[in-house]
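Asks: Predicted coordinates and the sequence they were generated for:
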Amino acid sequence: MQAVSETAPSVAREFAHVRTWVFDLDNTLYPPEVRLFDQIEVRMRTFMTRELGVPVAEADRLRREYWSAHGTTLAGLMAVHGVEPEPFLEEVHDISFDVLTPDAGLAERIAALPGRRIVYTNGTAPYARQVISARGLDGLFDAVYGVAEANYRPKPDRAAFETVFSADGLDPARAAMFEDDPRNLSVPHEMGLATVLVAPAPEPAPHIHHHTDDLAGFLARVV
């Protein structure tokens with residue numbers, strides 16, 4: 001597969017085999033410019049300053065460091081500080097969804113995809129369902145998986161993908177994944193999924209088959 005400047009028929013042919021469509025959540029099922037995740041980052045800093053006893057600047061530094069080194073801030077907190085995941089996840093996802101608006105065009109395109117449609121996020125499944133509802137995408141997904149369903153291992157950990165994909169029963173050779181973080185597409189590529197980077201700018205890499213900055217528009221070419 002090649003990344004990007006392809007005609008609609010050629011894209012449709014490349015995805016004709018797909019029967020399971022795997023979507024990341026944050027900055028994938030909504031555009032990054034709404035900056036929903038900013039609220040989560042603020043709540044992460046608050047949790048870390050309180051629980052670790054560090055200043056805000058140090059909490060922010062650790063948040064970024066753990067995300068880079070461990071895949072998520074939570075994974076770093078668990079590995080380095082023994083933080084229990086449930087209280088952290090509940091606190092940081094207690095945010096307002098008012099910045100999100102329904103996207104009828106995206107809903108129509110997802111509904112047209114043949115086969116099974118799932119969401120897999122490093123957040124929680126309850127949080128994901130709130131985002132899905134705020135985007136007007138209720139009833140379009142057959143399953144929603146969060147980090148708890150991956151035994152608190154985050155993407156890009158291969159074991160996380162294996163746990164979720166096994167639970168879902170998907171066939172990697174007949175699946176595609178849509179994701180905004182390039183590193184989270186490496187393992188799906190190795191497993192045999194078609195991969196699509198959903199981001200403002202492309203990041204050419206062998207494990208990224210396609211790039212789009214318009215998910216609805218790309219799906220219109222797929223079907």
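Replies: Okay, I see it.

Asks: Next, find the distance separating the most centrally placed residue in the chain from Phe178.
Replies: The C-alpha lying nearest the average C-alpha coordinate of the chain belongs to Asp24 (CA atoms, centre = their mean; 2.5 Å). Asp24 is 6 Å from Phe178, where distance means CB to CB, to the nearest Å. Where you see a C-beta, it was placed from the backbone N, CA and C, and this is true even at glycine.

Asks: got any residues that touch both of the two?
Replies: Val198 (CB atoms under 8 Å, 6 or more residues apart in numbering).

Asks: any idea how far Val187 is from Thr72?
Replies: 15 Å.

Asks: ok, and the closest non-adjacent residue to the residue nearest to the centre of the chain?
Replies: Leaving aside its chain neighbours, Asp24 sits nearest to Glu179 (4.3 Å; criterion: CB to CB, 6 or more residues apart in numbering).

Asks: So for the one you found, what's the pLDDT?
Replies: We note a pLDDT of 98 for Glu179 in this prediction.

Asks: any idea how far the residue nearest to the centre of the chain lies from Pro154?
Replies: Asp24 is 12 Å from Pro154, by CB to CB.

Asks: same check, this time on Phe161
Replies: For Phe161, the distance to Pro154 - CB to CB - is 10 Å.

Asks: Okay, helices next: where are they in the protein?
Replies: Ranges of helices within the chain are 8-14, 37-52, 56-70, 73-81, 85-92, 104-111, 125-134, 158-168, 186-191, 215-222, based on DSSP state H.

Asks: Output these in JSON lines, with distance to Pro206 appended to each entry.
Replies: Formatted as JSON lines, these follow (distance: least, CB to CB, whole Å):
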{"stretch": "helix 8-14", "distance to Pro206": "16"}
{"stretch": "helix 37-52", "distance to Pro206": "28"}
{"stretch": "helix 56-70", "distance to Pro206": "21"}
{"stretch": "helix 73-81", "distance to Pro206": "25"}
{"stretch": "helix 85-92", "distance to Pro206": "33"}
{"stretch": "helix 104-111", "distance to Pro206": "27"}
{"stretch": "helix 125-134", "distance to Pro206": "29"}
{"stretch": "helix 158-168", "distance to Pro206": "17"}
{"stretch": "helix 186-191", "distance to Pro206": "8"}
{"stretch": "helix 215-222", "distance to Pro206": "20"}
